[in-house]
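>>> Could you look at this predicted model? Sequence included:
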Amino acid sequence: MKYLMLIHAASAAEDGSAEECHPSEWMAYEKEVREAGVHVSGESLTDLVTATTVQVGRDGRRTVADGPFAEGRELLGGFFVIDVPDLDAALDWAARCPGSQYGGAVVVRPIAVTLNRAIAVALRDGPAAGLALLDTLADEPSLRRHHPWAAARGELLERLGRYGEAAAA
């Protein structure tokens, strides 16, 4: 199961960079994530002073402002996408992240298994792999609520049948 870890710093230095965490901590953490084989992707964001906020009003007009929302001063510093067996494992990795220390926080969110992703996996790795991916919905109630499992499973099989017929023609 893939999880997104959004890394929020507690405060920023005058230049907009995150305070407290030392680059060596981040390098060690990234090395650990890669060596464990759970790293999918991840990036550090540029300093806060480079942020731009875009909002579109109900009238359709776009407003662009320098910096993040003034009310929150949210200091999103970067992200990791990890592939681990379950939420508990994702939370363990988040707790090890330097961004969860020094008053910072790491928000962990599952990446939704979509029908299209399951179809792509089924076409690449075989129908059983696509069905196995959909079966992860049965283990994740938060995902199952948004993706009716039985309907998605039936649609995957139906679409695979159509792809198989097209490929045989």
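Received the coordinates, thanks.
>>> Quick check: phi and psi at residue 108.
Here is the backbone geometry of residue 108 (degrees, to the nearest 10): phi -110, psi 130.
>>> got it, and residue 38?
Dihedral pair for residue 38: phi -100, psi -10, per degrees, to the nearest 10.
>>> The nearest residue to it once chain neighbours are set aside in helix, strand or coil?
With sequence-adjacent residues excluded and distances taken as C-beta to C-beta, 6 or more residues apart in numbering, residue 38 is closest to residue 82, at 4.5 Å. For the C-beta atoms, the positions are set from N, CA and C on the backbone; glycine is no exception. When classified by DSSP: H, G, I helix; E, B strand; the rest coil, residue 82 comes out as strand.
>>> Which strand residues bridge residue 82?
Beta bridges link residue 82 to residue 3, residue 39, judged by DSSP bridges.
>>> That one touches residue 39, doesn't it?
Yes: between residue 82 and residue 39 a contact is recorded at 6.4 Å, counting by C-beta atoms under 8 Å.
>>> Mutual contacts of the two, please.
residue 33 (C-beta atoms under 8 Å, 6 or more residues apart in numbering).
>>> Compare neighbour counts for these two and give me the winner.
More crowded of residue 82 and residue 39, by other C-beta atoms under 10 Å: residue 82, with 23 against 17.
>>> and the gap between the more buried one and residue 2?
Separation of residue 82 from residue 2 (C-beta to C-beta, to the nearest Å): 7 Å.
>>> joint contacts of these two?
residue 40.
>>> Tell me where the model's unsure across the protein.
Filtered on pLDDT under 70, the chain yields the residue ranges 11-20, 68-74, 113-115, 136-153, 163-169.
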